[in-house]
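> give me a model of this one.
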Amino acid sequence: MIETDKQRRWWFATHPEFSRGRAGTRGHPHSKFPGDPWSPHRRDDSGTGQDSDDEHSDASAKALAEALNFEAEIRARDSIGLEPDPITFLDIWPYRKFLTSPTGAFRDLLRNMARHAVASAAKRAGSGGPGKWVDVARGPNGLAHQSAMSGQPIRARGGKLYIKEYDVNGVKFDDYKNGTLYEYKGPHGNLLNKEREFHHWVSGAKKLRDQALRQVDAAQGTPVVWRVGARQVKAFRKAVGKVPGLSIEP
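Presented below is the predicted three-dimensional model:
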């Protein structure tokens with residue numbers, strides 16, 4: 001808060017737009033302070049009623065010098081950790097919209113909060129998700145399809161084929177994108193009967209439900225999606241049954 005004459009001079013010296021443009025401030029044509037060195041009504045000692053440019057210039061230079069000294073004192077005081085000045089209207093000036101247009105101000109505030117929340121969520125998603133990528137040795141069956149779907153390359157090392165898979169709590173997934181865990185099932189058209197269900201002799205179909213339960217349990221709430229062929233959705237859904245947290249999609 002401006003309390004002393006020195007603070008006043010510093011304020012008007014550093015904020016000239018307030019020194020002449022408003023009634024009631026020093027330097028305004030209708031100023032209540034005729035002794036103000038910036039006032040156009042200041043008279044010289046001769047009593048002629050004419051403005052004294054020299055005195056005006058000297059007073060302005062003196063006020064500016066005092067303002068600069070006062071600003072230097074403030075910086076020096078702040079640098080040694082002393083208490084700052086009490087809050088003034090200048091500190092709340094950026095928040096004036098809450099008084100002049102409260103509806104718009106609160107709308108903008110909520111929008112900024114929403115953008116910050118979205119940015120934070122995207123940052124967390126980009127940090128790696130619930131698990132980590134690891135190299136896994138796999139057989140050749142279905143590996144080309146998995147690589148094409150996930151975008152992970154197949155690498156040969158030590159006579160084995162490796163591909164990166166996403167490990168969550170010790171359970172492997174073929175992919176992780178945008179907060180969702182994926183499993184890619186290759187084409188199995190020759191394993192389906194006329195009703196588009198697995199033949200009774202397909203032993204692997206009985207293990208699908210166990211795999212689904214393990215993955216959903218390891219995901220701990222992260223959505224799990226199995227991508228299968230468009231003509232195989234019925235077969236996989238019947239083999240797996242209903243497993244909350246798992247979706248089987250073409």
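
> what comes into contact with stretch 148-164?
With contacts defined as CB atoms under 8 Å, 6 or more residues apart in numbering, stretch 148-164 is touched by 133-140, 143-144, 146-147, 165, 174-175, 182, 184, 227. (C-beta placed from N, C-alpha, C; glycine too.)

> so where is this structure shaky, pLDDT-wise?
1-3, 11-12, 15-96, 98, 116-128, 188-189 (pLDDT under 70).

> helices of that one, residue ranges please.
All helices of the chain, identified by DSSP state H, fall at 5-14, 17-20, 53-79, 89-92, 97-100, 102-126, 143-150, 208-219, 233-240.

> elements contacting the last one?
Under the contact definition 3 or more CB pairs under 8 Å, 6 or more residues apart in numbering; DSSP states H and E, helix 233-240 sits against helix 208-219, strand 246-249.

> also the fifth one?
Secondary structure elements in contact with helix 97-100, counted by 3+ CB pairs under 8 Å, 6+ apart, are helix 102-126.

> distance check, H199 against R209.
17 Å (CB to CB, to the nearest Å).

> given the longest strand seen in the chain, what are its sheet partners and their directions?
Longest strand of the chain, by residue count under DSSP state E: strand 160-168. Using DSSP bridges, the strands paired with strand 160-168 are strand 132-138 (antiparallel), strand 155-157 (antiparallel), strand 171-173 (antiparallel).

> need the winner for burial among these.
Neighbour counts (mean count of other CB atoms under 10 Å) averaged over each of these peak at strand 171-173, with a mean of 19.

> can you tell me what sits against that one?
131, 134, 136, 165-167, 181-183, 214-215, 217-218, 224.

> kindly report the same for stretch 216-223.
In contact with stretch 216-223 (CB under 8 Å, 6+ apart) are residues 129-130, 168-171, 179-181, 224, 243-247.

> quick one: buried residues of that stretch?
Going by neighbour count (16 or more other CB atoms under 10 Å), the buried part of stretch 216-223 is 216, 218-219, 222.

> what distance separates the start and the end of that stretch?
One end of stretch 216-223 to the other measures 8 Å (CA to CA, to the nearest Å).

> sorry, back to before: export the buried residues of stretch 216-223 as TSV, with columns for distance to L192.
Listed next are those as TSV, based on distance: CB to CB, whole Å:
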residue	distance to L192
V216	25
A218	29
A219	28
T222	30
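
> of these, which is the nearest to R237?
Ranked by distance to R237 (CB to CB), these are led by V216 at 14.8 Å.

> of the strands paired with strand 160-168, which is nearest A105?
Here strand 132-138 is closest among these (CB to CB), at 43.8 Å.

> mind checking the end-to-end distance for stretch 198-207?
OK, stretch 198-207 end separation, CA to CA: 12 Å.

> beta-bridge partners for the closest residue to K132 other than its chain neighbours, please?
Counting by CB to CB, 6 or more residues apart in numbering, K132 lies nearest to D167, which is 5.7 Å off, once chain neighbours are set aside. The partner list for D167 in beta bridges (DSSP bridges) reads K132, K172.
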